[in-house]
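**Q** give me a model of this one.
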Amino acid sequence: MEEMRKRYRTPTEEGFPDRLSMHIGGEEMIYEKAMSLRYGENPHQPAALYRPLRGHPVIGNLKLIKGGKGGLSQTNIEDVNNALNILKYFEEPACAVMKHLNPSGVAASRGGFESLRDIYIRARDCDSVAAYGSVVVFNSTLDEGTGEEVASTFVEVVAAPSFEEEAIGVLSSRRDLRIIQFQNLATLSRFIGDPPQPYNISILVDGSIIVSAPLLTRIRGPGDLRIVTRRNPTERELDDLIFSWYICMNVRSNGIVVSRDRATLGIGAGQQDRVTAVRLALEKAAERGHREELKGAVLASDGFFPFSDSVELMAKYGITACIQPGGSIRDEEVIKACEEHGIAMAFTDERCFRHF
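**A** Next up, the predicted model:
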């Protein structure tokens with residue numbers, strides 16, 4: 001048992017080349033090794049991080065301000081990566097708490113009165129159980145008070161574009177906590193019409209690859225939604241629907257996000273059927289102490305509702321508005337169920353599955 005614990009903290013030697021290159025069309029893309037990683041998904045899998053020579057990489061140029069526990073693993077890097085996929089949609093201060101590539105909680109500022117520390121607490125306490133051993137990522141300068149709050153529980157990695165010197169001092173008191181600084185978040189593509197870069201490359205079991213465009217959204221604001229129920233969402237519900245959509249885009253499908261007041265309350269991820277993802281998101285929210293907040297909350301779904309059973313669950317917990325792509329052969333049945341329960345429903349007319 002002692003030997004196995006040691007492997008979790010010991011870097012696995014890798015012998016990957018210093019440079020990689022590939023051609024897509026007439027363009028040669030050259031990558032250089034940015035760092036050896038502690039290991040890949042598991043301790044017996046060597047791994048290394050590469051960055052493109054051209055452009056201004058956000059993660060490839062990360063600065064490891066403080067190491068610990070043998071360095072960064074592949075999952076640490078991927079958690080930061082998916083957090084940035086979420087945080088790039090927020091101009092205001094926001095925080096994503098990540099576990100195994102999915103967010104366990106996300107929160108964004110409700111206005112100038114709210115400190116970054118309070119935003120972090122709302123993100124963490126969406127699911128304080130899952131947040132144990134998390135990767136925490138901010139899109140704004142991390143101050144001393146927020147650093148003290150992060151250091152008060154077990155966090156694997158904290159990442160931000162910049163840190164107050166006092167915050168680094170506080171965070172450095174945790175031996176195993178790794179501190180990452182990144183830049184250029186605003187350069188990432190977000191919406192359809194932005195440059196469709198970088199391409200996604202998926203490597204299959206036999207070495208074949210699939211190249212695809214990145215997942216971007218056409219939804220820039222409430223004006224891009226199609227309200228399909230007689231009841232329109234309130235201003236607050238519309239704001240929370242957009243907030244939830246940007247997070248749901250980066251939850252493993254089938255993905256469900258329940259939110260209120262610019263903070264998640266429950267997230268259902270990676271289920272093989274939609275109604276189970278809805279049930280898990282709502283039940284987890286209730287179990288984590290958010291039952292009363294669910295009354296008047298909103299729900300986002302990354303795919304359409306094939307049946308009205310998900311609407312019945314929403315009504316049971318007091319959800320008052322939802323957002324989904326639409327396109328089911330039973331859309332009329334689903335809309336009718338919303339009408340019966342007074343739930344406002346918005347269609348995005350785009351699906352946002354992610355199967356990472």
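**Q** alpha carbons only for contacts and neighbour counts from here, please
**A** Will do.
**Q** and the biggest strand by length in the chain, what's buried?
**A** Once the chain is assigned using DSSP state E, the strand that runs over the most residues is strand 27-36. By neighbour count, with 16 or more other Cα atoms under 10 Å as the criterion, the buried positions of strand 27-36 are Y31, E32, K33, A34, M35, S36.
**Q** closest to M1 among those?
**A** S36 (26.0 Å; Cα to Cα).
**Q** tell me how far that closest one lies from P93.
**A** Per Cα to Cα, to the nearest Å, S36 is found 31 Å from P93.
**Q** same question, V298
**A** 21 Å.
**Q** now do I24
**A** With Cα to Cα as the criterion, I24 and P93 are 37 Å apart.
**Q** ok, these two, which is more surrounded?
**A** Using other Cα atoms under 10 Å, the more surrounded residue of I24 and P93 is P93, with 21 against 9.
**Q** check contacts around the more buried one.
**A** A108, S109, L116, F138, N139, S140 (Cα atoms under 8 Å, 6 or more residues apart in numbering).
**Q** 7 Å instead?
**A** A108, S109, L116, N139, S140 (Cα atoms under 7 Å, 6 or more residues apart in numbering).
**Q** rewinding a little: avg pLDDT for the longest strand of the chain?
**A** On average, the pLDDT along strand 27-36 is 95.
**Q** what packs against that strand?
**A** strand 19-24, strand 48-52 (3 or more Cα pairs under 7 Å, 6 or more residues apart in numbering; DSSP states H and E).
**Q** where among those is average confidence lowest?
**A** strand 19-24 (a mean of 93).
**Q** okay, now the unreliable bits of the stretch 101-250 of the chain?
**A** Nowhere does the stretch 101-250 of the chain drop to pLDDT under 70.
**Q** helices along that one, start to end?
**A** Using DSSP state H, counting those that start in this stretch, the helices of the stretch 101-250 of the chain run over 116-124, 144-151, 165-171, 235-248.
**Q** tell me which of those helices sits nearest to R291.
**A** helix 116-124 (15.0 Å).
**Q** now that closest one against helix 144-151, angle please.
**A** Angle, helix 116-124 to helix 144-151, by axes from the mean of the first three to the mean of the last three Cα atoms, to 10 degrees: 30 degrees.
**Q** now for helix 116-124, which elements pack on it?
**A** Right, helix 116-124 is packed against strand 94-99, strand 102-108, helix 144-151, strand 263-268 by 3+ Cα pairs under 7 Å, 6+ apart.
**Q** what's the offset of that helix from the middle of its chain?
**A** Relative to its chain's centre, helix 116-124 lies at 15 Å (Cα atoms, centre = their mean, to the nearest Å).
**Q** likewise for stretch 165-181?
**A** On Cα atoms, centre = their mean, the centre of stretch 165-181 falls 22 Å from the chain's centre.
**Q** same check on stretch 152-167?
**A** 18 Å.
**Q** quick one, which of the helices and strands packed on strand 27-36 is packed in tightest?
**A** strand 48-52 (a mean of 20; mean count of other Cα atoms under 10 Å).
**Q** how about the nearest residue to R220, chain neighbours excluded?
**A** Leaving aside its sequence neighbours, R220 sits nearest to F191 (Cα to Cα, 6 or more residues apart in numbering; 7.3 Å).
**Q** I appreciate the help and will end here.
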